[in-house]
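*Asks:* Prediction below, plus the sequence it came from.
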Amino acid sequence: MYDYEVFCSPGQDHFFVIGINQVTCYAKDSFIKSDPCDFVVEIIDDQPPVIQCPPNITLLTDPGNATSLHEWALLDVYDNSNYASTTCSSSMISYFPLRQTEVMCSALDNSSNVAICNFYIDVIDQESPDIICPDNQTLVTDVNLPVATVVWNTSVSDNSGYLPTVVCIPSNGSSFPIGKTIVNCTAIDFAGNTNDCNFSITVIDLEEPILTCPNQSIAIYDNAISIIASWPLPQAWDNTGMVGDVLCSAANSTVFSLGWTAITCNATDGYDNTGLCEFLMYIHNPMTCWDIMVAEPEFPNGIYRIDPTKPGDDIDAFDVFCLLNETGATVIYHDTPMGNYSRHGTVVKDINYQFAMNQIVALIDVSHKCRQFVNMDTYYTTMNHRYSVKQWMQRSGHWMRNWGTPTGVYGCTCSLKKACSHPGYVCNGDHRQYIWQTDEGYLTDKLTLPVRKLHIQGKLYYHL
């Protein structure tokens, strides 16, 4: 037997690479080299790479932005194969948003072994929001109120892109009193960062007090040249509740002359606003004797001047006789002579009063009631015979045939009481007798008085 040696390539001390490695061997003695033989050495890599991420990172947002630009790097990447590719969820130079971002990285070698690491980048906002208050404002009070309701716009922004919350004291839309008020506003972003601004609101009162004057005051004087008149003091109101005394151009209980007097009143509030009102004082004679009796109950009967007209009427005042100690009646006389008549025919008498017809009518219109006495004494007369007429003319010119009876009631006063001298007649004078008979009474219809004319026709023996 011969000695031999085995030769392999690569040899036993060779470092094989990962993968398939072919080894060829042969034997050789002193004389002969054997045929070669081959076999395979396979190196398997099951060791993952080593990857080390940086520690967690905290960043501030870039000025005026909601992100932070940052560059980072892996601390270490190693693999036994000396090769590993790395992949991260974020590039190493990135804009990171305003929140916590997880960055995941992996290392992959050629044997598909994988290693993973992760870290966090936390971007926080410490930048104050921007806030711009409006300019200082000067406003007037709301109508009829001592305050002004104010609404304003506050400009705000924030690097986060979200509108901050704005809190103002006093709050937007509040009612501000008269004077100067400082408004402080604060903007608060989502990170709790704040910023302040302030402005002033000055409320002034330009509203004048409101005065309520009488529409018109009318006073009566008692046959004098002037009179001391009084009136309700005007009432003043102001939106501030602070208003001074009412002052008038004529004081209450001032002496006035006849006619119109304009009275101006004013009041000033605590902010020097002055309100005005004006009314007219009209001084005139008493309208009737009744007015005099009410105003001066101690005055005696006598002649007094009255003026029953309305302001602006072109009718003069006139003197009348007043029964002040009795009824307050105003007496109007006429100067038409009546007398005795004895004949067959017609008598027409115009009634001539001491005053003009428009003066008398004005007095009747303002009087509560009015009456005129009519009287006729007859002797052996037929007043309502078919050939006889007894009538009087009212102020409008119409003939009337009521004698002491209401308007539209034909006849005399005795017919109302059914007390005429003959039950078949409506006047005593209708009953033909050789005695004197009287028909008398009051005419009371204000729309027809006074009697302007009498018309008597027939065979008469009468006394008016």
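*Replies:* That came in fine, so what should we check first?

*Asks:* Could you tell me which residues make contact with Ala362?
*Replies:* Contact analysis of Ala362 by CB atoms under 8 Å, 6 or more residues apart in numbering lists Pro308, Thr309, Asp313, Ile315. (C-beta placed from N, C-alpha, C; glycine too.)

*Asks:* okay, it: pLDDT?
*Replies:* pLDDT recorded at Ala362 is 91.

*Asks:* And for Phe318?
*Replies:* 88.

*Asks:* Tell me what it is bridged to.
*Replies:* Per DSSP bridges, the residues bridged to Phe318 are Ile306.

*Asks:* In contact with it, which residues?
*Replies:* By CB under 8 Å, 6+ apart, the contact list for Phe318 reads Arg305, Ile306, Asp307, Phe355, Gln359.

*Asks:* Is the third one in contact with Asn285, as I believe?
*Replies:* Yes. Proximity of Asp307 to Asn285 meets the contact threshold set by CB atoms under 8 Å, at 3.6 Å.

*Asks:* Please identify every residue contacting each of those two.
*Replies:* Common neighbours of Asp307 and Asn285 (CB under 8 Å, 6+ apart) are Ala317.

*Asks:* count of neighbours near Cys412?
*Replies:* Number of residues near Cys412 (other CB atoms under 10 Å) recorded here: 27.

*Asks:* so what's Leu416 up against?
*Replies:* By CB under 8 Å, 6+ apart, the contact set of Leu416 is Thr405, Val409.

*Asks:* rerun that using 6 Å as the cut-off
*Replies:* In this structure, Leu416 makes contact with Thr405, judged by CB atoms under 6 Å, 6 or more residues apart in numbering.

*Asks:* Ramachandran angles for it?
*Replies:* In terms of degrees, to the nearest 10, the main-chain angles of Leu416 are phi -70, psi -30.

*Asks:* Can you tell me which of the contacts of Phe318 is nearest Asn325?
*Replies:* Checking the contacts of Phe318 against Asn325 with CB to CB, the nearest one is Ile306 at 17.1 Å.

*Asks:* Next one: the closest one from Ser34, what distance?
*Replies:* Distance, Ile306 to Ser34, using CB to CB, to the nearest Å: 173 Å.

*Asks:* ok, those two, which is more surrounded?
*Replies:* Legend: neighbour count by other CB under 10 Å for Ile306 and Ser34, higher for Ile306 (26 against 13).

*Asks:* Next, work out how far apart that one and Ser155 are.
*Replies:* In terms of CB to CB, Ile306 sits 78 Å off from Ser155.

*Asks:* do Tyr162 as well
*Replies:* 15 Å.

*Asks:* residues near the nearest residue to Thr212 once chain neighbours are set aside, how many?
*Replies:* Nearest residue to Thr212, sequence neighbours excluded (CB to CB, 6 or more residues apart in numbering): Gln235, at 4.9 Å. For Gln235, the neighbour count with other CB under 10 Å is 13.

*Asks:* what does the one 3 residues further on give?
*Replies:* Asp238 has 23 neighbours, counted by other CB under 10 Å.

*Asks:* pretty sure it is touching Asp269, no?
*Replies:* Yes. Counting by CB atoms under 6 Å, Asp269 is a contact partner of Asp238 at 4.4 Å.

*Asks:* ok, back up a step: go through the contacts of Phe318 and name the one nearest Gly173.
*Replies:* Among those, Asp307 lies closest to Gly173 (CB to CB), at 61.9 Å.
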